[in-house]
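Asker: fold the following.
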Amino acid sequence: MKKNNSINKEIILNSKVGKKFVNRLMINGKKQKAEQILLNTISMLHKNAAYSLTKAVASVKPILEVRSIRLRGSNYQVPVPIMEKRRMSLAVKWIVNSAKKRGGKSMSLKLKDEILLAQKNQGDSVKKKITTHKLACSNRAFNHFRWF
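Answerer: A predicted model of the protein is given here:
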């Protein structure tokens, strides 16, 4: 049974989402420590860890963002759709950053809590997605400037 569990952990570590989490968690080039944090988080999430990670990232992925465009001496915040690769990168970044902001516990526990909250569409990372989307929707009047 343990062998099957370790195989699942290795599959998660070698997936795109797992690699993004490891690289975002890494500080000062200490990749093994970042992998250990993610493995501890996966072991705390139990048997549905891959599902939890992908569901959390999917619920945090933004659809639109705003880009600043300078036109005729004025700056406009223009809403722009985001490509899939950047959507995943932003989602992982927001999950890890909101986990780092939590206080007190070890990083594995903070990351597990943030993943579980993101999976339920709650937490700081989902709030960041919602505020980004609201900002893009409120500036949709400048959508016609996107081509400049």
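Asker: so what secondary structure elements neighbour the helix or strand where residue 34 lies?
Answerer: In this structure, residue 34 is located in helix 31-45 according to DSSP states H and E. Under the contact definition 3 or more Cβ pairs under 8 Å, 6 or more residues apart in numbering; DSSP states H and E, helix 31-45 sits against helix 2-13, helix 16-25, helix 49-60, helix 107-119. Placement of C-beta: from N, CA and C, glycine included.
Asker: redo these as a markdown table? Include mean pLDDT, mean neighbour count and distance to residue 40.
Answerer: Below are those laid out as a markdown table (pLDDT from 0 to 100; neighbours: other Cβ atoms under 10 Å; distance: least, Cβ to Cβ, whole Å):
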| stretch | mean pLDDT | mean neighbour count | distance to residue 40 |
| --- | --- | --- | --- |
| helix 2-13 | 66 | 12 | 10 |
| helix 16-25 | 90 | 19 | 11 |
| helix 49-60 | 89 | 20 | 11 |
| helix 107-119 | 92 | 21 | 4 |
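Asker: now do the helix holding residue 34, average pLDDT.
Answerer: Across helix 31-45, pLDDT averages out at 89.
Asker: list the buried residues in stretch 34-52.
Answerer: For stretch 34-52, burial by neighbour count (16 or more other Cβ atoms under 10 Å) applies to 34-35, 37-42, 45, 49-50, 52.
Asker: next, residue 122: secondary structure please.
Answerer: coil (DSSP: H, G, I helix; E, B strand; the rest coil).
Asker: mind checking pLDDT for it?
Answerer: Looking at residue 122, its pLDDT is 92.
Asker: residue 85 now?
Answerer: Value for residue 85, per-residue pLDDT: 94.
Asker: cheers, nothing more for now.
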